[in-house]
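>>> Provided below are the primary sequence and the corresponding predicted coordinates.
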Amino acid sequence: MNLNPEYPFEKAGQPRPQSMAASMESAPSYAPFRTTFASISLHRSDRLRLLGFPQSDIQALRNVIARSYSKGIQKEQPYGKSHEFKVYGNPWYGQSSDAIISRVLVREILAYLFSIGWILHASTDVSKKEFDKDTLFFRKQQSPPPPSDFMCISFNMSDRLRLIGAPPQLVQAMKNLLAGMGLLQTDLGWKDANLRAWEFKINGYPWRATGEETMSTRLLLLKMLECLEVYGWSLYASVDQNTGSGEHSSETDSWYCVRDKNWVEGAAVFHR
């Protein structure tokens, strides 16, 4: 039996059914879909490099940096195909006076970009250089998401948990969580009241855990995520923004969380 090589289940010379031909001729056509991406990468101890953003957004981000980072911008310049901001201080060391304001800076950058439709696509480490940090990739969404609040959680030293910009109810809820798990050593209170940074000291050394304690740390993180969701928050970004102190050292990420301004207790929490 001879077969049509283009349609092997039909006999040679036999016409295709009219319905098949018609369906091929009437197949819908779509306009090409294209998403715009841009990135912010963190370099050395004091640089941010913006790649792929239009000039209007770079101008707006200049204002965000100047407003949210109290030490200010030292200089800016083209760098390769990027636009580089060099700020005063050493925010990516994340220590001393830079420890909190560096997180406020990243929080406000994320919040502003989110408000105009630049949604974080991924935070990733693409470098093996010493003291490397994350690159943040954003995709442009045509319709900006609803107005939202942002806060930060940082894991400091070996045993400190810091909430930056969290509402009082969430601070109390985290305190209750730590106490209920037998992990709360001290409620240290305001680390910086002006920047709304509250700090807890945890029993043991959860951020340098070894052996079975490594799983106790991860259980704590799971319970923290559950606590966040009860109060309408979801984890938006986990960012390695600090340099280590050598080739064999590492730093913890900082968590950035988002909540719809119109969220009410009991409502669903949407993860972005």
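Everything's here; your move.

>>> helix, strand or coil for the residue nearest in space to the middle of the chain?
The chain has Ala237 as the residue nearest its centroid, 2.0 Å off, counting by Cα atoms, centre = their mean. Using DSSP: H, G, I helix; E, B strand; the rest coil, the structure places Ala237 in strand.

>>> In three-state terms, label the nearest residue to it once chain neighbours are set aside for me.
Nearest non-adjacent residue to Ala237, counting by Cβ to Cβ, 6 or more residues apart in numbering: Tyr256, 4.3 Å away. C-beta here means a position set from N, CA and C on the backbone, and glycine is covered the same way. With three-state DSSP as the basis, Tyr256 sits in strand.

>>> so which helix or strand takes in the residue lying closest to Ile58 once chain neighbours are set aside?
Spatially, and ignoring its direct neighbours in sequence, Ile58 is nearest to His83 (5.3 Å; Cβ to Cβ, 6+ apart). Following DSSP states H and E, one finds His83 within strand 82-87.

>>> Then Gly89?
Under the criterion DSSP H and E, no helix or strand holds Gly89.

>>> Can you tell me how far it is from Leu225?
In this view, Gly89 and Leu225 are 32 Å apart by Cβ to Cβ, to the nearest Å.

>>> neighbour-wise, which of those two wins?
Taking other Cβ atoms under 10 Å, Gly89 and Leu225 do not tie; Gly89 has more neighbours (18 against 14).

>>> In CSV, list the C-alpha atoms belonging to stretch 52-64.
In CSV, the C-alpha atoms belonging to stretch 52-64 read as follows (Å, rounded to 0.1, in the frame of the first residue of the first chain):
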residue,chain,number,x,y,z
GLY,A,52,18.8,47.6,30.4
PHE,A,53,16.7,50.2,32.2
PRO,A,54,15.5,53.3,30.3
GLN,A,55,16.9,56.6,31.2
SER,A,56,13.7,57.7,32.9
ASP,A,57,13.9,54.8,35.3
ILE,A,58,17.6,55.4,36.0
GLN,A,59,16.7,59.0,36.9
ALA,A,60,13.9,57.8,39.2
LEU,A,61,16.3,55.2,40.8
ARG,A,62,18.8,58.0,41.4
ASN,A,63,16.2,59.7,43.5
VAL,A,64,15.3,56.5,45.3
